[in-house]
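Enquirer: what's the 3D shape of this:
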Amino acid sequence: MFYFKLVTLIFGVLTISIAPLILFLPGKFKSFLQELLPEERAPWMWLPVFAYMAILILTWYMELTSTVNLSWVITLIFSLGLVKIYFLLFRYSCFREMVLSLVDREKVFQWGFGSLCYVMGIFFLVLGIYGLY
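Expert: Numbers count the residues shown, from 1 in each chain. Predicted coordinates for the structure are as follows:
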């Protein structure tokens, strides 16, 4: 239970923390993403992928060995991240174009993704505080 509460609280705080950057400083967020996603895939991108896979494996292990209510929601959300990992590793240029084209539509991206970050952050926090027992 502690693992799922910790994960939901960390991701909730991180998601809520990034939302103001997207909403109020979209230019800086755009330049950050352009630096983060260069033309050629950087060799250091394997490090976050391995870290994500380790967290995902640990999450599935905890899901299968514990009896925490609603822990399947966190496991499902983490597992959906595999789609992003697939595109990041095997279709990097397509992934980069998609992300940067979304960021180029400033108002739609700014309000849509920023609001989604707030909603998901609040969802994670509420799930971590009240839902997992």
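Enquirer: residues in contact with Gly114?
Expert: Gly114 makes contact with 19-20, 22-23 under the criterion CB atoms under 8 Å, 6 or more residues apart in numbering. Backbone N, C-alpha and C define where each C-beta goes, glycine included.
Enquirer: Quick check on those: which are buried?
Expert: 19, 22-23 (16 or more other CB atoms under 10 Å).
Enquirer: can you tell me which of these are in helices?
Expert: 19, 22-23 (DSSP state H).
Enquirer: Would you format those as TSV with pLDDT included?
Expert: Shown next, in TSV, are these (pLDDT from 0 to 100):
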residue	pLDDT
Ala19	89
Ile22	85
Leu23	85
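Enquirer: okay, now Thr59: neighbour count?
Expert: 20 (other CB atoms under 10 Å).
Enquirer: In what element of secondary structure is Pro38 found?
Expert: Using DSSP states H and E, Pro38 sits in no helix or strand.
Enquirer: burial of it, as a residue count?
Expert: Pro38 has 11 nearby residues by other CB under 10 Å.
Enquirer: Look up how far Met120 lies from it.
Expert: Look at Pro38 and Met120: by CB to CB, to the nearest Å, they are 27 Å apart.
Enquirer: For the contacts of Gly114, which two are the farthest from each other?
Expert: Pro20 and Ile22 (7.3 Å; CB to CB).
Enquirer: got any ranges where this protein has weak pLDDT?
Expert: Along the chain, the model assigns pLDDT under 70 to residues 132-133.
Enquirer: what about 90?
Expert: Where the chain drops to pLDDT under 90, the residues are 1-4, 19-46, 48, 66-71, 84, 88-90, 98-114, 128-133.
Enquirer: how about the helices in it?
Expert: Taking DSSP H as the test, the helices found in the chain are 2-24, 26-36, 46-65, 71-90, 92-104, 106-126.
Enquirer: now, which of the ones in helices among the buried ones among the contacts of Gly114 sits nearest Gln34?
Expert: Relative to Gln34, and with distances defined as CB to CB, the nearest of those is Ile22, at 14.6 Å.
Enquirer: Pull out the buried positions in stretch 59-67.
Expert: 59, 62-63.
Enquirer: and the nearest residue to Val7 once chain neighbours are set aside, how many neighbours does it have?
Expert: Leaving out its chain neighbours, the residue that sits closest to Val7 by CB to CB, 6 or more residues apart in numbering is Ile74, at 6.2 Å. Ile74: 24 surrounding residues under other CB under 10 Å.
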